[in-house]
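Attaching a predicted model along with its sequence, questions to come.
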Amino acid sequence: MPSPLPALNLIATPGRRRATLDVAREIERRGFAQIQVSSSLANMAQCTGLAFATERISFATAIAPIYAQTVEEFAHSAAYIHEISGGRFQFGIGVAHGPSHVRMGVTPGKPLADIRAFVAKFKSHDTIGGLPPVILAALRKRMVALAGEIGDGLVFSGGSRSHMAESLAVLPPDKRNDANFFIGNRIRTCICDDAVEARAVLRQTMRHYADLPYYRNYWKEAGYVEEMNAIEAALAAGRVDEVPRYLTDRWLADVTLFGPAAKVRDGIDAWREAGIRTPVIVPLSADGDQNTALAQAFAAFAD
């Protein structure tokens, strides 16, 4: 029996927002598990469009930064999308990171406390119709545990496959064994017969995350202390161009997917064996065009 298809990330770029809805219908037709919408370019608005454009597939914000608007506004928007989609919407939330906070003009508090308070206030809006499941963005173990306590699931981004069993071990057994508790991981993926080219694409993409202390601390926890220390030394010395070289082949193989289609399909199976129920392909291509990357994903998982 063929393995189920992964989820796909989809971004509605300016000028192609209507065309993106056609792509979403094609993703649904092909039987992918879910559509996730990353935090750039108004993902709540895009999810409203997906609710009308599709009929069966689930879709999610991954993630909606909790500081971007009031909890009340989020609740009303989420309840609306939940209702008109027939319950297919997942409200993925997170605290985002320093550059996003600067862009939004906010001063965040403690991530765990802020997420706990947000979810409690969000769920208190119980007179506006049903609310969607709340999925917490998580990497470090304390946020994973919090997702098991107050959330309906969790989504990693850039998770380490070799470290995943240890991360998921902090979930209560009833959540680990509950098929309705969402466990996903957003995996940057470059499908390309030239593995060297694919790794180069991923190194350039992932260098942004290597700039962020939260990610580096997680990857240290996952066993990449030498690599992350080298990145921190390069950043401290202003040698930012050196960062990609420390994203080693070993690290890339553990955190991303790349190479020919068959290798990527095998990688998706390996992520499921590691405990990720819904692997999410974030498709990338050498030409930087989302449409090219999606076409490669379609071909890789064609019937």
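That came in fine, so what should we check first?

Quick check: buried residues in the strand or helix carrying I231?
If you go by DSSP states H and E, I231 is part of helix 225-236. Buried residues in helix 225-236, counted by 16 or more other CB atoms under 10 Å: E227, M228, A230, I231, E232, A234, L235. The way it works is simple: take the backbone N, C-alpha and C, and place the C-beta from them, glycine included.

Now flag whichever of the residues you listed is closest to Y214.
If you rank the buried residues of helix 225-236 by distance to Y214 using CB to CB, M228 comes first, at 11.5 Å.

Who are the contact partners of the closest one?
By CB atoms under 8 Å, 6 or more residues apart in numbering, the contact set of M228 is A210, R216, N217, W219, K220, Y246.

residues in contact with the second one?
The neighbours of R216, taking CB under 8 Å, 6+ apart as the test, are A210, M228, I231, E232.

for these, which one is nearest L168?
Nearest to L168, judged by CB to CB, of those is M228 at 21.8 Å.

Now do that closest one, the pLDDT please.
M228 is assigned 98 on the pLDDT scale.

Longest strand in this structure, please.
Ranked by residue count and defined by DSSP state E, the top strand of the chain is strand 182-191.

What helices and strands are in contact with that strand?
In terms of contacts (3 or more CB pairs under 8 Å, 6 or more residues apart in numbering; DSSP states H and E), strand 182-191 is packed against strand 34-37, strand 153-157, helix 195-210, strand 257-259, helix 261-273, strand 278-284, helix 290-300.

and of these, who's closest to L5?
Closest to L5 of the helices and strands packed on strand 182-191, according to CB to CB: helix 261-273, at 8.5 Å.

And the contacts of the closest one?
Outside helix 261-273, the residues that touch it by CB under 8 Å, 6+ apart are 3, 6, 161, 164, 185, 187, 189, 191, 257-258, 279, 281, 296, 299-301.

mind running it again at 7 Å?
For helix 261-273, contacts defined as CB atoms under 7 Å, 6 or more residues apart in numbering pick out S3, P6, R161, N185, I187, T189, I191, L257, P279, A299, A300.

Would you mind writing the CA trace of that helix as PDB?
The C-alpha coordinates for helix 261-273 follow below in PDB (Å, rounded to 0.1, in the frame of the first residue of the first chain):
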ATOM      1  CA  ALA A 261      12.500  12.200  -5.900                       C
ATOM      2  CA  ALA A 262      12.900   8.600  -4.600                       C
ATOM      3  CA  LYS A 263      15.300   9.800  -1.900                       C
ATOM      4  CA  VAL A 264      12.900  12.500  -0.800                       C
ATOM      5  CA  ARG A 265      10.000  10.000  -0.700                       C
ATOM      6  CA  ASP A 266      12.100   7.700   1.500                       C
ATOM      7  CA  GLY A 267      13.000  10.600   3.700                       C
ATOM      8  CA  ILE A 268       9.300  11.300   4.300                       C
ATOM      9  CA  ASP A 269       8.800   7.700   5.400                       C
ATOM     10  CA  ALA A 270      11.800   8.100   7.700                       C
ATOM     11  CA  TRP A 271      10.200  11.200   9.300                       C
ATOM     12  CA  ARG A 272       7.000   9.200  10.000                       C
ATOM     13  CA  GLU A 273       9.100   6.400  11.600                       C
END
